[in-house]
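> Based on what follows, work out the 3D shape:
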Amino acid sequence: MNKYKKTLQQLERASFHRSAVLVIEGLLIGLLAGLTAVAYRYCLTYAEEGLSFILHTIQGNPWKISLWFLALAAMGIIVARIVKWEHMSSGSGIPQVSGEVKGYLDPVWWRVVVAKFTGGTLCILGGLSLGREGPSIQLGAMAAKGYSRMRNYNKTKEIGLLSCGAGAGLAAAFNAPLAGILFVLEEIHHTFDRTMLVAGMVATVTADYISKIFFSQSAIFSFRTSTLPLRYYWLLAICGVLLGLAGAGYNRIMLNGQALFHRFKNIPKEIQIAIPFLMAGILGLTIPEVLAGGHRMIVLLEEGRPTLITLVILLTVKFVFSTISFGSGAPGGIFFPLLILGAYVGAIFGVLAMKVFPLSDDLLPQFIVLGMAGLFAGIVRAPITGIVLITEMTGNMHRMLDIAVVSIFAYIMANIVGSKPIYTSLLDNILHQQKELNIEKGAEKVLVTYVIPFDSEICNKKICQIVWQKNTLVASIERDGHTITPKGDTVILPGDQLMVLIGRQYYAVDNAAYEKLIYGEE
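Predicted structure coming up:
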């Protein structure tokens with residue numbers, strides 16, 4: 001009886017934290033994560049401006065070019081040392097956050113912040129084809145983790161704050177608060193927890209406000225799109241299918257590129273990361289548009305009308321360079337580069353469509369935007385986030401139907417060909433190399449919420465009919481705004497929020513088992 005009373009008290013405290021306190025502190029997390037992401041964004045902006053200045057200065061001067069290549073090699077070595085010092089700073093950062101929320105990872109927050117700031121800035125100064133958005137998500141989460149550790153919060157509270165910080169980081173990077181919280185719910189949590197939705201919105205809106213103070217209120221992309229005639233809407237289905245296939249191909253090649261670098265373990269990390277730096281030096285003298293995140297490529301689409309062959313060449317070079325940059329393990333994400341690739345795939349499709357059908361040239365920006373959304377859905381497999389993200393980034397709500405159609409077809413096609421979401425695959429790769437966490441026995445319990453979908457295996461079953469992990473306790477069920485004390489004959493219905501206490505020591509394994517049981521996830 002005392003044990004049950006203690007469990008109820010723990011549940012009461014956790015519920016209070018997950019509602020009132022978490023929402024209030026969402027404001028503070030949004031502030032911390034927003035300022036961290038803004039600072040990182042400033043570092044990368046100045047690094048990219050420095051890169052442009054250097055490339056302009058060394059043109060036509062062999063001695064300066066030689067010195068620049070030596071500097072690039074040195075930056076590659078420094079970045080490699082940073083990654084070896086804190087290996088959780090390698091790559092995007094999104095899989096690392098997802099792994100921590102699931103209980104598999106537990107990096108030292110301040111080391112990740114230091115390593116990501118320095119390594120990411122050097123990568124952009126060197127011209128590597130990497131984005132700021134994945135790192136911004138990780139930095140936002142680490143800022144929240146730092147706050148949690150300083151306040152000595154329990155693991156349940158910390159996971160909630162991590163999620164809020166991650167969403168705030170994306171919101172500050174893209175000026176997209178709705179996409180920030182949707183990305184956390186759809187990609188990281190894979191469930192729409194109402195408590196997390198409210199708390200996360202407070203954090204993402206706050207971070208977005210902070211970002212707009214420093215970077216203005218204008219949308220990231222300024223494409224002026226026209227309306228596609230309804231009689232040509234079938235083109236959207238074709239476009240979506242092609243983008244879904246392109247997304248599946250992107251995932252396969254990107255993962256193979258990463259595996260290729262891992263295969264050569266005998267080659268020092270310093271040499272592996274120096275390769276894309278030296279490659280960036282060559283491209284900087286020949287095709288500088290493909291360097292860094294790809295802002296120059298977007299400007300080219302916005303201000304000019306490149307030929308079809310130019311679009312194909314830039315797309316191909318950008319894709320290959322992105323694969324090498326990310327595969328090397330350098331700190332930086334694939335988020336923004338994949339949007340650039342999607343824009344060019346959409347532009348190529350639009351040019352071909354306008355050659356075959358009597359479509360206005362003003363529709364090209366529309367196909368560019370559709371390409372971004374479709375490739376995002378095919379690669380990340382978070383279509384709702386993609387629809388909202390592209391809408392917020394372009395500031396155009398009128399094209400949401402077109403974006404939704406393309407995203408849905410791209411998502412379905414990627415599913416049909418059996419392509420796993422990129423960040424899920426990247427997390428699997430990290431866990432394959434990760435040593436098991438050493439968690440003390442008798443550690444605190446973690447309160448996890450599972451929202452039951454209508455097609456779940458446990459739906460319409462009694463609690464006594466379900467095989468539960470032995471180190472867990474079904475603590476409460478939230479149904480239609482009411483709290484139900486679970487009993488053996490309590491039937492689980494669609495839409496129920498199942499609150500389960502899991503021992504910290506068993507959290508990663510048991511949570512994975514429940515996600516597979518409830519959502520059918522492998």
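
> got any ranges where the stretch 1-150 of the chain has weak pLDDT?
Within the stretch 1-150 of the chain, the ranges that satisfy pLDDT under 70 run 1-22.

> I'd like to know which elements the helix or strand that contains residue 411 is packed against.
Using DSSP states H and E, the element containing residue 411 is helix 400-416. Secondary-structure packing of helix 400-416 (3 or more C-beta pairs under 8 Å, 6 or more residues apart in numbering; DSSP states H and E): helix 234-263, helix 364-380, helix 383-394. The C-beta positions use only the backbone N, C-alpha and C, and glycine is treated the same way.

> For residue 264, give me its contacts.
residue 272 (C-beta atoms under 8 Å, 6 or more residues apart in numbering).

> What ranges in this protein fall below the confidence cut-off?
In the chain, residues with pLDDT under 70: 1-22, 190-195, 217, 219-220, 222-223, 225, 396-397, 434-443, 521-522.

> which of the residues in the helix holding residue 411 are buried?
402, 403, 404, 405, 406, 407, 408, 409, 410, 411, 413, 414 (16 or more other C-beta atoms under 10 Å).

> where do the strands sit along the chain?
For the chain, applying DSSP state E gives strands covering 445-451, 472-479, 482-484, 497-503.

> How many residues are close by the nearest residue to residue 210 once chain neighbours are set aside?
Closest residue to residue 210 apart from its sequence neighbours, by C-beta to C-beta, 6 or more residues apart in numbering: residue 34 at 3.5 Å. Counted with other C-beta atoms under 10 Å, the neighbours of residue 34 add up to 31.

> So residue 34 sits against residue 175, correct?
No - using C-beta atoms under 8 Å, residue 34 is not in contact with residue 175; the gap is 11.0 Å.

> what is in contact with those two at once?
Common neighbours of residue 34 and residue 175 (C-beta under 8 Å, 6+ apart) are 208, 211.

> before we move on, back to that, and among the strands of the chain, the most buried is which?
strand 445-451 (a mean of 23; mean count of other C-beta atoms under 10 Å).

> Parallel or antiparallel, list what pairs with that one.
strand 497-503 (antiparallel) (DSSP bridges).

> nearest to residue 79, of the helices and strands packed on helix 400-416?
helix 234-263 (13.8 Å; C-beta to C-beta).

> mind listing what's buried in the closest one?
235-236, 239-251, 254-255, 257-258, 261.

> Same question for stretch 69-76.
69, 72, 73, 75, 76.

> Counting neighbours, what do you get for the closest residue to the second one other than its chain neighbours?
Spatial nearest neighbour of residue 72, chain neighbours left out: residue 277 (4.3 Å); criterion: C-beta to C-beta, 6+ apart. Burial of residue 277 is recorded as 28 neighbouring residues (other C-beta under 10 Å).

> From residue 42, how far out is residue 277?
Residue 277 is 22 Å from residue 42, where distance means C-beta to C-beta, to the nearest Å.

> Put the alpha carbons of stretch 356-368 into PDB.
Output in PDB follows, covering the C-alpha atoms of stretch 356-368 (Å, rounded to 0.1, in the frame of the first residue of the first chain):
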ATOM      1  CA  VAL A 356       5.800  20.200 -72.800                       C
ATOM      2  CA  PHE A 357       2.600  22.000 -71.600                       C
ATOM      3  CA  PRO A 358       1.300  25.600 -72.200                       C
ATOM      4  CA  LEU A 359       2.200  26.700 -68.700                       C
ATOM      5  CA  SER A 360       3.200  30.200 -67.700                       C
ATOM      6  CA  ASP A 361       6.900  30.900 -66.800                       C
ATOM      7  CA  ASP A 362       5.600  32.500 -63.600                       C
ATOM      8  CA  LEU A 363       4.900  29.000 -62.300                       C
ATOM      9  CA  LEU A 364       8.600  28.100 -61.900                       C
ATOM     10  CA  PRO A 365       8.800  29.500 -58.300                       C
ATOM     11  CA  GLN A 366       5.800  27.300 -57.500                       C
ATOM     12  CA  PHE A 367       7.600  24.200 -58.700                       C
ATOM     13  CA  ILE A 368      10.700  25.200 -56.700                       C
END
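
> which residues are in contact with that stretch?
223-228, 232, 235, 239, 301, 305, 343, 346-347, 349-351, 353-354, 399, 402.

> ok, the nearest residue to residue 472 once chain neighbours are set aside - contacts?
Once flanking residues are discounted, residue 472 sits nearest to residue 502: 4.8 Å by C-beta to C-beta, 6+ apart. Contacts for residue 502 (C-beta under 8 Å, 6+ apart) come out as 445, 446, 447, 448, 469, 471, 472, 510, 511.

> between those residues, which is closest to residue 202?
Out of those, the member with the shortest distance to residue 202 (by C-beta to C-beta) is residue 447, at 20.1 Å.

> so who does residue 224 touch?
residue 365.

> For it, give its distance to residue 97.
If you go by C-beta to C-beta, the gap between residue 224 and residue 97 works out to 35 Å.

> next one: residue 458
27 Å.

> which one among the buried residues of stretch 69-76 gets closest to residue 419?
residue 76 (31.3 Å).

> tally of neighbours for the closest residue to the closest one other than its chain neighbours?
Spatially, and ignoring its direct neighbours in sequence, residue 76 is nearest to residue 274 (3.2 Å; C-beta to C-beta, 6+ apart). Residues near residue 274, counting by other C-beta under 10 Å, number 23.

> what sits against residue 274?
72, 73, 76, 77, 80.

> which residues sit in contact with the fourth one?
What that stands for is residue 77. With C-beta under 8 Å, 6+ apart, residue 77 has these contacts: 270, 273, 274.

> go on, the second one?
Applying C-beta under 8 Å, 6+ apart to residue 73 gives the contacts 274, 277, 278.

> Next: the last one.
Residues counted as contacts of residue 80 (C-beta under 8 Å, 6+ apart) are 268, 269, 270, 272, 273, 274.

> what's the distance between it and residue 278?
13 Å.

> Ok, the second one next?
Residue 73 sits 6 Å away from residue 278, going by C-beta to C-beta.

> The first one too?
In this structure, residue 72 lies at 6 Å from residue 278, with C-beta to C-beta as the measure.

> how much space is there between residue 465 and residue 501?
20 Å.

> cool, residue 333 as well?
Residue 333 is 34 Å from residue 501, by C-beta to C-beta.

> likewise residue 357?
59 Å.

> now swap in residue 141 and tell me
Distance from residue 141 to residue 501, by C-beta to C-beta: 24 Å.

> Same check on residue 23?
22 Å.

> go on, residue 187?
Distance from residue 187 to residue 501, by C-beta to C-beta: 25 Å.

> check contacts around the nearest residue to residue 312 once chain neighbours are set aside.
Among residues not flanking residue 312 along the chain, residue 348 sits closest, at 6.5 Å (C-beta to C-beta, 6+ apart). Neighbouring residues of residue 348 by C-beta under 8 Å, 6+ apart: 308, 311, 312, 315.
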